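# I need the structure of the sequence given here:
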Amino acid sequence: MDSGKIESITNVMEYEAIAKEKLPKMVYDYYASGAEDQWTLKENRNAFSRILFRPRILVDVSNIDITTTIMGYKISMPIMVAPTAMQKMAHPEGEFATARAASAAGTIMTLSSWGTSSVEEVASTGPGTRFFQLYVFKDRNVVKQLVRRAEKAGFKAIALTVDTPRLGRREADIKNRFTLPPNLTLKNFEGLDLGTIDKTNDSGLASYVAGQVDRSLNWEDVKWLQTITKLPILVKGVLTAEDAKLSVQAGAAGIIVSNHGARQLDYVPATIMALEEVVKAAEGKVPVFLDGGIRRGTDVFKALALGASGVFIGRPVIYGLAADGERGVRKVLQMLHDEFELTMALSGCRSIKEITRAHITTPWDGPRVSPRL
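Have a look, this model is predicted:
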């Protein structure tokens with residue numbers, strides 16, 4: 001790779017082209033694609049551009065604090081690493097590199113159930129606050145084992161993915177007959193009889209999910225999960241007020257507004273469009289997070305102004321990893337950190353708690369009545 005190209009990168013989007021150049025087509029397509037028409041994939045990004053700022057001027061912004069506390073853990077910024085599967089397809093160091101980069105950045109990494117590194121391996125990279133993303137398998141003993149291992153390895157929360165009773169239709173994976181490269185395995189399942197992601201006439205991953213993931217998953221299971229672990233459970237994949245309320249009732253410790261990177265049901269709204277509805281329904285009882293489409297510090301600010309406690313980023317991490325390993329992921333996190341801090345300064349906010357709904361305007365806002373001064 002032309003190192004000059006990497007050195008000249010000035011925003012996280014620029015890593016994608018480098019990743020596309022470097023990765024086999026099957027692998028790049030797996031990371032990049034969305035479901036069916038990919039309308040939601042584009043909308044996850046486009047929706048941010050319809051939210052505008054109402055910056056406040058002449059605020060002393062000589063000191064800006066962008067640190068925050070998530071689930072009781074102090075982190076350097078409200079920007080965390082989302083769970084993304086099979087990272088060793090992107091770079092030989094895979095989840096190890098991502099874990100070290102997140103730890104160096106002082107933020108939280110979420111490890112995917114379908115990681116190409118295990119919970120124990122990721123824990124062995126050194127200190128860091130980490131969450132574990134969980135798929136519920138038909139075999140509940142496997143779920144118990146996974147959760148216990150994550151707990152024992154020092155993971156601090158479970159992000160329960162609830163939007164995948166079946167895998168969305170990702171046509172690039174079907175065309176490419178996606179399969180995990182032969183030198184890689186889903187490390188969390190080694191030694192468990194859970195089959196493998198094989199080449200089929202379809203997406204190998206879709207066939208694997210059909211065979212292993214429990215389609216009967218429901219709210220009772222969210223309660224059951226709390227009986228097998230003391231870790232807080234974040235419900236990942238909520239897009240409506242109704243499900244936000246049910247998440248709170250079921251004992252969730254947090255909600256992640258997510259459409260699975262637009263990889264499940266196409267024509268669901270962008271997560272930034274669903275966020276405020278969910279935040280209002282949660283009534284401050286649990287923190288609400290967002291993933292999907294975050295590519296700029298301005299996006300992070302908009303999510304926080306709409307009530308999110310923090311955001312998770314997925315694809316930018318993968319593309320940084322593919323382009324430049326651990327250094328690439330570090331730079332992605334650093335660029336988002338710096339852009340977010342700048343957005344705060346230019347909006348007149350000195351701390352996370354100073355970001356308010358009045359700092360943005362959205363297409364669904366009514367006419368604004370100017371306050372009497």
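
# remind me which residues of the stretch 51-200 of the chain are low pLDDT?
193-200 (pLDDT under 70).

# Got phi/psi on the residue nearest to Ala105 when sequence neighbours are not counted?
Closest residue to Ala105 apart from its sequence neighbours, by CB to CB, 6 or more residues apart in numbering: Leu333 at 4.1 Å. Any C-beta I mention is one placed from the backbone N, CA and C, and that applies to glycine too. Leu333 adopts backbone torsions of phi -70, psi -40, taken as degrees, to the nearest 10.

# For Leu333, give me its contacts.
For Leu333, the contact set (CB atoms under 8 Å, 6 or more residues apart in numbering) comprises 79, 81, 101-102, 105, 107, 317.

# how does it look with 7 Å?
Each residue near Leu333 by CB atoms under 7 Å, 6 or more residues apart in numbering is listed here: 79, 101, 105, 107.

# Farthest-apart pair in these, please.
Using CB to CB, the pair of the contacts of Leu333 lying farthest apart is Ile79 and Ala101, separated by 12.3 Å.

# May I ask which of the contacts of Leu333 has the most neighbours?
Taking other CB atoms under 10 Å as the neighbour criterion, Ala101 ranks highest of these with 28 neighbours.

# How is that residue classified with respect to secondary structure?
Following DSSP: H, G, I helix; E, B strand; the rest coil, the label given to Ala101 is helix.

# Strands - which of the contacts of Leu333 land there?
Ile79 (DSSP state E).

# of the contacts of Leu333, closest to Leu239?
Ranked by distance to Leu239 (CB to CB), the contacts of Leu333 are led by Ile79 at 21.3 Å.

# quick one: contacts for the closest residue to that closest one other than its chain neighbours?
Nearest non-adjacent residue to Ile79, counting by CB to CB, 6+ apart: Leu336, 5.2 Å away. Residues near Leu336 by CB under 7 Å, 6+ apart: 12, 79, 297, 300, 313.

# now the fourth one: how far from Val27?
To Val27, Val300 is 28 Å away according to CB to CB, to the nearest Å.

# Of those two, which one has the most company?
Of the pair Val300 and Val27, Val300 is the one with more neighbours under other CB under 10 Å, namely 28 against 20.

# before we move on, back to that, give me the pLDDT for the residue nearest to Ala105.
Per-residue pLDDT puts Leu333 at 98.

# Turn the contacts of Leu333 into JSON lines, columns for distance to Arg215.
Listed next are the contacts of Leu333 as JSON lines, based on distance: CB to CB, whole Å:
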{"residue": "Ile79", "distance to Arg215": "33"}
{"residue": "Ala101", "distance to Arg215": "35"}
{"residue": "Ala105", "distance to Arg215": "37"}
{"residue": "Thr107", "distance to Arg215": "34"}
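
# tell me the contacts of the spatially most central residue of the chain?
For the chain, the residue nearest the mean C-alpha position is Ala82 (2.8 Å; CA atoms, centre = their mean). By CB under 7 Å, 6+ apart, the residues touching Ala82 are 110, 291, 312-314.

# repeat that for 8 Å
Neighbours of Ala82 in contact, by CB under 8 Å, 6+ apart: 110, 291, 312-314, 317.

# Of these, which belong to strands?
110, 291, 312-313.

# burial measure for the nearest residue to Leu239 once chain neighbours are set aside, as a count.
Among residues not flanking Leu239 along the chain, Ala274 sits closest, at 4.5 Å (CB to CB, 6+ apart). Number of residues near Ala274 (other CB under 10 Å) recorded here: 23.

# In a helix, Ala274, correct?
Yes: assessed with three-state DSSP, Ala274 lies in a helix.

# unless I'm mixing things up, it is touching Gly237, no?
No: under the criterion of CB atoms under 8 Å, Ala274 is not in contact with Gly237, lying 10.9 Å apart.

# quick one: common contacting residues for those two?
Among the neighbours of Ala274, those also in contact with Gly237 (CB under 8 Å, 6+ apart) are Asn259.

# Give the single residue among the ones in strands among the contacts of Ala82 positioned nearest to Gly168.
Asp291 (15.5 Å).

# What count of nearby residues applies to that closest one?
Asp291 has 28 nearby residues by other CB under 10 Å.

# Quickly note the distance from it to Asn176.
To Asn176, Asp291 is 25 Å away according to CB to CB.

# Please name the residues that touch Ala345.
So Ala345 contacts 61, 64 (CB under 8 Å, 6+ apart).

# Where does it sit, in terms of helix or strand?
Using DSSP states H and E, Ala345 maps to helix 315-347.

# now that helix, how far from the centre of its chain.
Distance of helix 315-347 from its chain centroid, counting by CA atoms, centre = their mean, to the nearest Å, is 14 Å.

# Buried residues in it, which are they?
For helix 315-347, a neighbour-count test (16 or more other CB atoms under 10 Å) marks 315-326, 328-333, 335-337, 339-341, 343-345, 347 as buried.

# Helices along this structure, start to end?
Applying DSSP state H to the chain gives helices spanning 3-7, 14-22, 25-32, 39-46, 94-105, 119-123, 140-152, 171-176, 204-212, 219-228, 241-249, 271-282, 297-305, 315-347.

# where does the stretch 251-373 of the chain dip in pLDDT?
371, 373.

# let's see 80
By pLDDT under 80, the weakly predicted segments of the stretch 251-373 of the chain are 368-373.
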